[in-house]
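S.K.: Turn this into a model:
(one chain, ligands or ions: 2)
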Amino acid sequence: MKSGAVPRLKILVSNQKGGVGKSSLSANLAAYFALERQMETMLIDLDRQGTSSSWIRNAVQHERLKFDHASDLIRSANRLGIFNARCHIRDASNMHEVVITDVTWSPAVGFELLEIFDLWIIPTSLSELELLSTIGLLRDLKPALDRPRSPKVLITPNKIHPFQRKFDSMAAQRFPVPFLLTPSVIASKDFETLYQKDYIVSSAKEEVRQRFLMFCEAVWQASQISVADTHAMRQRSDVGAAAASPVVGVARGSAVVAPAEPMRVPAMIRDTGQA
Ligand SMILES: Nc1ncnc2c1ncn2[C@@H]1O[C@H](COP(=O)(O)OP(=O)(O)OP(=O)(O)O)[C@@H](O)[C@H]1O
Ligand SMILES: [Mg+2]
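M.R.: Ligands and ions are numbered 1, 2, ... in the order given. Presented below is the predicted three-dimensional model:
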């Protein structure tokens, strides 16, 4: 793809909870953009443990897939550290079509980092405890997420068992900001067996691969929703504030988010809940 042909994409994968799949999704989503979409992709790992960067460092190498373990930048998590991280991500974005940043969210990371991203993917299980934690995080960050230039929020149910079709736990919750619900990522041993070796997009298990691709395609489609549409989504959710929740549709047990015009939300964003 020619440089400048498409707007460069900056994706944050973050949640304050540990073990929800931030690093696994970051590394494998990066592989999707590099391998399936042939886009120059950089994964920036801001976590000290370096799980996602290790995956890419040690797995099958691909020309378009790069990584950078840059946790030192935010080690002190002060304003200078965040400023440096911002500059680092911006610089990477000048050189790559897609930049994916993996970081465990903490209040010290702050609004300033959040606002430079186009998309914020929040992996979560569907347990009530984890959903409440995610909702708490969104509530804390609502002032930043209500700003016009804030990233679109994508919630990704992860480690979902193929037979788990109901998303009632999600529909029962009230979310403080609009979000897009991506297709869920199924629980699969491949996330362990392929770690540091290869990627889910190359999995021999067709169902696992296809389900993961659905998630990736949804992320891509979400990146293509125009700013105007996103703004309309926000306005609609403001107008619908009486309903308090931006989750406006629950079709066959799956929540659909707050679109101004539902038909304009890519179909892939909706999780049919089909295994
Ligand atoms: N879809 C999945 N199916 C099965 N196992 C998964 C899936 N996603 C992640 N895991 C497993 O869950 C564990 C935690 O995943 P991961 O390290 O990606 O989470 P994390 O949110 O980055 O954790 P941390 O907070 O420690 O950085 C790992 O053992 C990983 O293999
Ligand atoms: Mg991690």
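S.K.: where's the closest residue to His96 other than its chain neighbours, which helix or strand?
M.R.: Spatially, and ignoring its direct neighbours in sequence, His96 is nearest to Met42 (4.2 Å; C-beta to C-beta, 6 or more residues apart in numbering). Bear in mind the C-beta positions are built from the backbone N, C-alpha and C, glycine included. Using DSSP states H and E, Met42 falls within strand 41-45.
S.K.: strands paired with that strand, and their directions?
M.R.: strand 65-69 (parallel), strand 98-104 (parallel) (DSSP bridges).
S.K.: Can you say which of these is nearest to ligand 1?
M.R.: strand 98-104 (5.3 Å; C-beta to the nearest ligand atom).
S.K.: So for that closest one, mean pLDDT?
M.R.: Throughout strand 98-104, pLDDT has a mean value of 97.
S.K.: check contacts around Trp105.
M.R.: Contacts for Trp105 (C-beta atoms under 8 Å, 6 or more residues apart in numbering) come out as Ser14, Asn15, Gln16, Leu137.
S.K.: among the residues you listed, who's most crowded?
M.R.: Ser14 (26 neighbours; other C-beta atoms under 10 Å).
S.K.: where does that one fall, phi/psi-wise?
M.R.: phi -160, psi 150 (degrees, to the nearest 10).
S.K.: Please apply the same query to Lys152.
M.R.: phi -70, psi 140.
S.K.: how about the closest residue to it other than its chain neighbours, what does it touch?
M.R.: Using C-beta to C-beta, 6+ apart and skipping the chain neighbours, the partner closest in space to Lys152 is Leu119 (5.3 Å). The contact partners of Leu119, taken as C-beta under 8 Å, 6+ apart, are Leu9, Lys10, Ile11, Leu12, Pro151, Lys152, Leu154, Val219, Ala222, Ser223.
S.K.: and what of Gln196?
M.R.: Ser54, Trp55, Arg57, Asn58, Ala59.
S.K.: Pipe the contacts of Trp105 into a markdown table and attach distance to ligand 2, pLDDT and secondary structure per row.
M.R.: Compiled in a markdown table, these are given as follows (distance: C-beta to the ion, whole Å; pLDDT from 0 to 100; DSSP: H, G, I helix; E, B strand; the rest coil):
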| residue | distance to ligand 2 | pLDDT | secondary structure |
| --- | --- | --- | --- |
| Ser14 | 10 | 98 | strand |
| Asn15 | 10 | 97 | strand |
| Gln16 | 12 | 95 | coil |
| Leu137 | 16 | 95 | helix |
